[in-house]
Structures are given as structure tokens and as C-alpha cells.
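A.B. asks: have a look; sequence and predicted model below, questions after that.
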Amino acid sequence: MAIQRDHPYVQFNFLVDLGTGKTNSPQAGFQEMTIIGMDMTYPEVGSANSKKTRIMKINGINKFVDVILKRGVINSSDLNQWLDEIRNGDKKSFRTVTIQVQDKDRASIVLTWKLRRARITKHTAGPLNAKGTDVVMEELVLAFERLEMK
């Protein structure tokens, strides 16, 4: 259970599970993750025959912001398999991706986001430069249909 603190948690203590149940393997080692977000719309409706003249806001459509994960290229067979499932249109290509924030001692999980029915919408790698010494990076863009937070 999350405990309220005076100071926010640091951003570098996070774990990612791409739906395999593994957070301690190289496949789950990500350097960076963009913002997880959701937009909710509330259309306004009114009724001409109502005794009260007012506009009501009703629940509308929820829209989720795609999440971008970045890491060094490791040629992960799990990732290649997931990409193949998506390309082939397999029903099992939808996964629950879990992102967890740990406390400063990495002793407990303080916040969890679950991206339900997630799938890769974009995968890129590079850039490559023969004169550089940087690590080759890959980027995954994930779309999802439901966000759950604990």
C-alpha cells in the first residue's frame, strides 16, 4: 500500500514488465519512459423540456496517450516474438504491460501502472554513426486500451 510522503519519489527506480512476468531480466531493462496519461471527455447536453434550465456533463470517451520506452539494443527474442505476433494478427499479441516505481532503497513497490491490452505501434532503432561511441538505442511506442493504477 502506498504511503503518503513529504518528498516525491525519484524517477530512476522503475521496473517494466512487457507482459512476460519478468522485471529482472535484460528484456525489461529500460532507460527511459515517457508520460503515462489519459484524457477524458465530458460532452455537454441539455434538454428543452426540462423544468430546470441547465447543461449537464455526461461521461464521454477515454483516450490514452501512447507510452514510449527507450533502451539499448539487446536483440531480445521476447520482443521479436511479440512483434511477430502483432504482424501476424494473433489475438495473443495484446499484453498487459506493468510499470512499477520502487522506493529509494528498491525494497518495495510504491506505485504501479498497468497498461491493459497493450501492443507495439512503432519500433525504431538507431541512429548509427561509425565515428560515435554511443550505445545503439531502440524505441518502442505502446498503445493500450485501459489504464489501471495502484
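C.D. replies: Right, received. Where do you want to start? Residues are numbered from 1 along each chain as shown.
A.B. asks: from here on, contacts and neighbour counts on C-alpha atoms
C.D. replies: Will do.
A.B. asks: this protein: helices as residue ranges?
C.D. replies: 77-87 (DSSP state H).
A.B. asks: dig out what the residue nearest the centre of it forms beta bridges with.
C.D. replies: Centroid-nearest residue in the chain: residue 67, 4.5 Å away (criterion: Cα atoms, centre = their mean). With DSSP bridges as the criterion, residue 67 is bridged to residue 142.
A.B. asks: I'd assumed residue 34 was in contact with it.
C.D. replies: Yes - with contact defined as Cα atoms under 8 Å, residue 67 counts as touching residue 34 (5.8 Å).
A.B. asks: now do residue 9 against residue 100, distance only.
C.D. replies: Using Cα to Cα, to the nearest Å, residue 9 is found at 12 Å from residue 100.
A.B. asks: so for the two, which residue has more residues nearby?
C.D. replies: residue 100 (19 against 14; other Cα atoms under 10 Å).
A.B. asks: which strand runs longest in the chain?
C.D. replies: Secondary structure assigned by DSSP state E gives strand 109-125 as the longest strand of the chain.
A.B. asks: for this protein, which segments count as strands?
C.D. replies: With DSSP E as the criterion, the chain has strands spanning 14-17, 32-33, 37-40, 44-46, 55-57, 62-65, 67-72, 95-102, 109-125, 137-143, 146-149.
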